[in-house]
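**Q** structural data only, the sequence is not supplied:
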């Protein structure tokens, strides 16, 4: 059996092309250079790959989503992209995810496979879920497997997660440019929204409210099994 049973997908925008070589380097160094990673990106990134300004390692490939029309088309483009793959469960992360320490992928693979199924939205690998309301499902030496509460914040995120693809597609399907503003759908004061439908920030906030009490499980790690990443990569000096 492979060390890691899940294929990985990274979504990329033309705006953050400059951070992508380091993202790739760190993934292969700290996660694995044997995991298959597909980039869903746009035409400018495709051109840099073709001209070898950006060189993809052998475990990485690229699929173009066409022209980068702006952030409000993000949901629409991703829904089309993820509709084209066959994976039942998949690892998804975004272009400015810089992993910062070695990851125990064999343990992650074994334990995630025991929890994630059709009744799961996703299994979180980053530190974020451990900071939200949760219960401990299983205890280990140095870490736990936790389950987010049905009304915890950020039950939908762009973080480093293993997704049930059908649930990812569902949340993408309800939050595109034609979706209503959340202030029309949810009680006043629940959350302030400045982002346009279709943008990643709107998708996260809309999605986490849509996922409240949905009955699907969300699991994650806490402690030393979480994938450590650097914050604010897109605002760093290159």
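**A** Done, it's in. Everything numeric here is computed off the predicted structure, so don't read it as measured data. Residues are numbered from 1 along each chain as shown.
**Q** which is the next helix or strand following the worst-scoring helix or strand of the chain on mean pLDDT?
**A** Across the helices and strands of the chain, mean pLDDT, DSSP states H and E gives its lowest value to helix 182-185, namely a mean of 56. Using DSSP states H and E, the helix or strand that follows helix 182-185 towards the C-terminus is helix 200-210.
**Q** mind listing what the helix or strand following that following helix pairs with, with the direction of each?
**A** Toward the C-terminal end, the helix or strand that comes next after helix 200-210 (DSSP H and E) is strand 217-223. As defined by DSSP bridges, the strand partners of strand 217-223 come to strand 120-124 (parallel), strand 143-148 (antiparallel).
**Q** residue 40 is nearest to which of the ones you listed?
**A** Within the strands paired with strand 217-223, the stretch nearest residue 40 is strand 120-124; the backing value is 17.5 Å (Cβ to Cβ). Heads up, the C-betas are built off the backbone N, CA and C, glycines and all.
**Q** need the contact partners of that closest one.
**A** Residues outside strand 120-124 that contact it (Cβ atoms under 8 Å, 6 or more residues apart in numbering) are 112, 115-116, 155-157, 159-164, 167-168, 211, 214, 216-221.
**Q** let's see 7 Å
**A** Outside strand 120-124, the residues that touch it by Cβ atoms under 7 Å, 6 or more residues apart in numbering are 112, 115-116, 155, 159, 161-164, 167, 211, 216-220.
**Q** before we move on, what about stretch 53-72?
**A** Surrounding stretch 53-72, the residues in contact under the criterion Cβ under 7 Å, 6+ apart are 13-14, 20-21, 24, 28, 33-44, 46, 48-49, 77, 81, 177, 196, 198-200.
**Q** just the ones of these in strands?
**A** 37, 38, 39, 40, 41 (DSSP state E).
**Q** contacting residues for the closest residue to the fourth one other than its chain neighbours?
**A** The spatially closest residue to residue 40, leaving aside those adjacent along the chain, is residue 81, at 4.3 Å (Cβ to Cβ, 6 or more residues apart in numbering). Residues in contact with residue 81, defined by Cβ under 7 Å, 6+ apart, are 40, 63, 65.
**Q** shaky segments in this protein?
**A** The chain contains residues with pLDDT under 70 at 1, 179-194, 232, 234-238.
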